[in-house]
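>>> sharing a sequence plus its predicted fold:
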Amino acid sequence: MESGPGISGRRANGEELSVDTRNDEPGSAAAAVPVSVSGSVSVPVSVPVSVPGQGSTHGPAPDPGHDPKPDPDPPAWRVLLAYVRPYRLWLLLGGALSLVTGATGLILPLAARRLIDNLGSHRSIAVEAMLMSLLVVGNAALGALGSYVLRRTGESVVLSARRNLVSHLLRLRISAVDRSEPGDLMSRVTADTTLLHEVTTSSLVGAVTGGLTMLATLTMMAVLDLVLFGVALAVLVLAATVIGLLVPRIHRAGKQAQESVGRMGAALERMLGALRTVKASGAELREEAAVHEAAEESWRASLRSAKWSAVAGNTAGLASQIAFLTVLAVGGGRVASGAIHIGTLIAFLMYVFYLMPPVQQLVSAVSEYQVGAAAVARIQEAHRLPTEPPVLPAPAEPGAPPAGLAFEDVRFRYAPDLPEIHHGVTVTIPPGGMTAFVGPSGAGKTTVFSLIERFYEPTAGRILLDGTDIRHWDLARLRAAIGYVEQDAPVLSGSLRANLLLGAPDATDAELRDVLVATRLDGLVARLPQGLETLVGHRGTKLSGGERQRVAIARALLRRPRLLLLDEATSQLDAVNEAALRDTVADAARTTTVLVVAHRLSTVTMADRIVVMDAGVVRAVGTHAELVSADPLYAELAATQFLAAVD
Ligand SMILES: Nc1ncnc2c1ncn2[C@@H]1O[C@H](COP(=O)(O)OP(=O)(O)OP(=O)(O)O)[C@@H](O)[C@H]1O
């Protein structure tokens, strides 16, 4: 097991945990923060130590419907320290520069006093003036450098937190995505990580420098007079108790504010993702109200956090005043009784004043920590979502033969609390040729494809590809062997070329040209002024439905898959394009195993075999001619549900 110098320990279930906190700034050699889980592989995924559901690349994956119970998170301070660790030298430098800046600031009054003394006694002030100028300029320069170094450290922490979280999100199991709101996940990557900035730099430095200064001052006080020290300490302990009571409130309010930001992200994503539907439904005001409500809730929670932080800050100020007055009263008595000298009292009172800034610094560090810890908790929640086994890009296998597929008594439900969708699906599909899946809506046809891609794992039974259980396939190799055209043929924002090459970045220009011709996209590309570089817009809104489907088919074909899964891939095509694509798919079926969820009679009649599914089982397999006479459901589907043939 690979283990880094960061957090390490053991989970309740005995799994060993470690966080390697190597520097992962851009350009640095070690660019990731691997998490190792004993018995698994080390993956450049995340700082958080809890990675449940992390399977091996080779062994059977855990059932996503029964994701392991999340382990308790490590405390926020450990996670924060793990984030800071790679940048500790920068942080030390920033802290040292802050201290030196403070120290040079303290020398200034002394230099000013000498300058004034010299002026009064008509001596030369050249040296003092020079020294003061140097001190002023040096102080400003060191201050600027110190704050830049701290800022830089904070930004680096935010960057590594974002990179780790994005890597984790990309590897999420589809079942985990089903349970999440994308807008909320986005806010964790954008808003929550931003809050790590302050807590890992200025508040950490403030806590250390403030803590050290306070300790030194208290030591000096104890040396001067133990009785007065006891009085001052008692006041401080009282104030610390009050602040301790406020801390959970600050934490809670901070978490609620961030959760509301997440809800706002989810509401925005829902609204902008379907803006046409929202407008067409006249639902703008209701959608607006939902987003406003989340924004206002965040505002209210932030105000609560600000209120408790302000109370905590003022409690510290009040404690200093009370300490001053109490020390003055008790000290006055002690001076009167001759227990201490007046000079001791004055020195002690000066130390009480010196105590104020570090105490304030500590209190604001504690408040910032609470808000940062709330953000860490949300980032950790996202890191706890189960991921797929880590995948490395699989090498292409040009010329590989078509794949054979078999479902053996496969049972499946999307989640433990949802009804079973497949009740023992059994079907064998030999390599090559075209197989059409037909059946009433909701019969479980698309789910068959999702299981083949291992987006979900069956709850019972086996799926074999080339005779091997797909759970024993390397996930990257499995998916590299498959081309998948989803039901809604998603197109990603970006250029047409980027969309086509998404699954086959190394495809040659000639291969691209051939696929464009085969999918009849060549005409579209020729028409567009920027050709393949044309931007297709968010979810491909600048393309027609049929064009989007053809792009999705072209993308799948470019992968030269051994198994091509087409989910209603021809449902939005016009007659001419559909006929052309039918030829393309028929061509593909000569070198590839093609499975198609079919909704058109023309697709079904050209299939080598038809699998009729109903209510989560395979009820018949055969050709169109065989099934029309042998299977009443198929005969009914053929007569009523399939779209008319386009011959
Ligand atoms: N991610 C999901 N989470 C929970 N239930 C789901 C999910 N996806 C699909 N289902 C349910 O599973 C059942 C089968 O869905 P599936 O998409 O496989 O049907 P289908 O036969 O392809 O239907 P259609 O022909 O209408 O596309 C449906 O009842 C559906 O509501």
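That came through fine. Treat the numbers as computed from the prediction; the structure is a model and nothing was measured.

>>> next SSE after whichever strand or helix holds Val427?
Per DSSP states H and E: Val427 is located in strand 420-429. Later in the chain than strand 420-429, the nearest helix or strand by DSSP H and E is strand 434-438.

>>> sheet-wise, list the partners of the strand holding Val427 with their directions.
strand 405-413 (antiparallel) (DSSP bridges).

>>> without its sequence neighbours, what residue ends up closest to Met214?
Pro358 (4.2 Å; Cβ to Cβ, 6 or more residues apart in numbering). Every C-beta, even on glycine, is put in place using the N, C-alpha and C of the backbone.

>>> spit out the contact partners of that neighbour.
Thr209, Gly210, Gly211, Thr213, Met214, Thr217 (Cβ atoms under 8 Å, 6 or more residues apart in numbering).

>>> could I have the buried ones of these as ChimeraX selection syntax?
Entered in ChimeraX, the line below selects the buried ones among the contacts of Pro358, by 16 or more other Cβ atoms under 10 Å:
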select :209,210,213,214,217
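
>>> next, count neighbours for the nearest residue to Gly424 once chain neighbours are set aside.
Using Cβ to Cβ, 6+ apart and skipping the chain neighbours, the partner closest in space to Gly424 is Asp409 (4.8 Å). Neighbours of Asp409 under the rule other Cβ atoms under 10 Å: 13.

>>> quick one: contacts for the residue of the stretch 101-250 of the chain found nearest the ligand?
Using Cβ to the nearest ligand atom, the single residue of the stretch 101-250 of the chain nearest to the ligand is Asp178, 4.7 Å away. Counting by Cβ under 8 Å, 6+ apart, Asp178 touches Tyr414, Ala415.

>>> likewise Ala323?
Val231, Ala232, Val235, Leu236, Val352, Leu355.

>>> in those residues, which has the lowest confidence score?
Lowest pLDDT of the contacts of Ala323: Leu355, 81.

>>> my read: that one touches Ser320, true?
Yes. Counting by Cβ atoms under 8 Å, Leu355 touches Ser320, with 6.5 Å between them.

>>> close to the ligand: what parts of the chain are there?
Near the ligand, the residues belonging to the chain are 178, 414, 418, 421, 439, 441-447, 597 when assessed by Cβ under 6 Å from any ligand atom.

>>> keep only those of these that are in strands.
Among those, the ones falling in strands (DSSP state E) are Ile421, Val597.

>>> shaky segments in the chain?
1-73, 105-106, 109, 395-396, 398, 569-573, 641-647 (pLDDT under 70).

>>> strands along that one, start to end?
Under DSSP E, the chain gives strands at 8-10, 16-19, 35-37, 405-413, 420-429, 434-438, 460-465, 468-469, 482-485, 563-567, 593-597, 609-614, 617-622.

>>> give me the distance from the shortest one to the chain's centre.
Looking back up the chat, that one is strand 468-469. 32 Å (Cα atoms, centre = their mean, to the nearest Å).

>>> residue contacts, the residue nearest the centre of the chain?
The residue lying closest to the centre of the chain (Cα atoms, centre = their mean) is Leu165, at 3.4 Å. Leu165 sits next to Ser46, Arg188, Val189, Thr193, Ile379, Ala382, His383 when contact means Cβ under 8 Å, 6+ apart.

>>> of these, which is the nearest to Ser493?
Comparing the contacts of Leu165 against Ser493 with Cβ to Cβ places Val189 closest, at 17.2 Å.

>>> number of nearby residues for the closest one?
Using other Cβ under 10 Å: Val189 sits among 20 other residues.

>>> doesn't Leu170 make contact with it?
No. Here Val189 does not reach Leu170: they are 11.0 Å apart, not a contact under Cβ under 8 Å.

>>> quick one: Leu169 from His197, how far?
20 Å (Cβ to Cβ, to the nearest Å).

>>> any idea where the helices of the stretch 51-200 of the chain begin and end?
With DSSP state H, counting those that start in this stretch as the criterion, the stretch 51-200 of the chain has helices at 76-84, 88-120, 126-170, 174-178, 182-187, 193-194, 196-200.

>>> do the same with the stretch 401-550 of the chain
445-452, 475-480, 496-500, 509-518, 522-527, 545-558.

>>> for Leu134, which of those helices is the nearest?
helix 496-500 (56.4 Å).

>>> list the contacts of Tyr634.
Tyr634 touches Val438, Ile610, Val612, Ala620, Leu627, Val628, counting by Cβ under 8 Å, 6+ apart.

>>> same deal with Arg286?
Counting by Cβ under 8 Å, 6+ apart, Arg286 has no contacts.

>>> is it true that Gly424 touches Phe407?
No. If you go by Cβ under 8 Å, Gly424 and Phe407 don't touch, sitting 9.3 Å apart.

>>> more neighbours: which of the two?
Taking neighbours as other Cβ under 10 Å, Gly424 and Phe407 compare with Phe407 leading, 22 against 16.

>>> measure Val223 to Val330 for me?
Applying Cβ to Cβ to Val223 and Val330 gives a distance of 17 Å.

>>> so between those two, which is more surrounded?
Val330 (17 against 10).

>>> let me see the contact set for the spatially closest residue to the more buried one that is not a sequence neighbour.
Leaving out its chain neighbours, the residue that sits closest to Val330 by Cβ to Cβ, 6+ apart is Val231, at 5.1 Å. Counting by Cβ under 8 Å, 6+ apart, Val231 touches Ala323, Thr326, Val327, Val330.

>>> for Arg334, same thing?
Per Cβ under 8 Å, 6+ apart, neighbours of Arg334: Asp225, Val227, Leu228, Ile340, Leu345.

>>> picking up where we left off before, looking at the contacts of Tyr634, which is nearest Glu397?
Closest to Glu397, out of all of the contacts of Tyr634 and judged by Cβ to Cβ, is Ile610, at 29.0 Å.

>>> residue contacts, the nearest residue to the closest one once chain neighbours are set aside?
Distance criterion Cβ to Cβ, 6+ apart; nearest residue to Ile610, sequence neighbours excluded, is Ala436 at 4.9 Å. Contact analysis of Ala436 by Cβ under 8 Å, 6+ apart lists Leu595, Val596, Val597, Ala598, Thr603, Val604, Ala607, Arg609, Ile610, Val611.

>>> quick check: bridge partners of Ala436?
Those that pair with Ala436 in a beta bridge, by DSSP bridges, are Val596, Ile610.

>>> in the stretch 501-647 of the chain, what residue lies closest to the ligand?
Val597 (5.9 Å).

>>> wait, doesn't that residue sit right on Ser441?
No. In this structure, Val597 is not within contact of Ser441 by Cβ under 8 Å, at 10.9 Å.

>>> between the two, which one's more packed in?
Legend: neighbour count by other Cβ under 10 Å for Val597 and Ser441, higher for Val597 (24 against 7).

>>> ok, that one - contacts?
Applying Cβ under 8 Å, 6+ apart, the residues near Val597 are Ala436, Phe437, Val438, Lys445, Thr446, Phe449, Gln487, Leu566, Asp567, Glu568.

>>> run a quick neighbour tally on Gly114.
Careful, residue 114 is Arg and not Gly. By other Cβ under 10 Å, the residues close to Arg114 number 16.

>>> from Ala112, how far out is the nearest residue to it once chain neighbours are set aside?
Leaving aside its chain neighbours, Arg114 sits nearest to Glu128 (5.2 Å; criterion: Cβ to Cβ, 6+ apart). Between Glu128 and Ala112 the computed distance is 8 Å (Cβ to Cβ).
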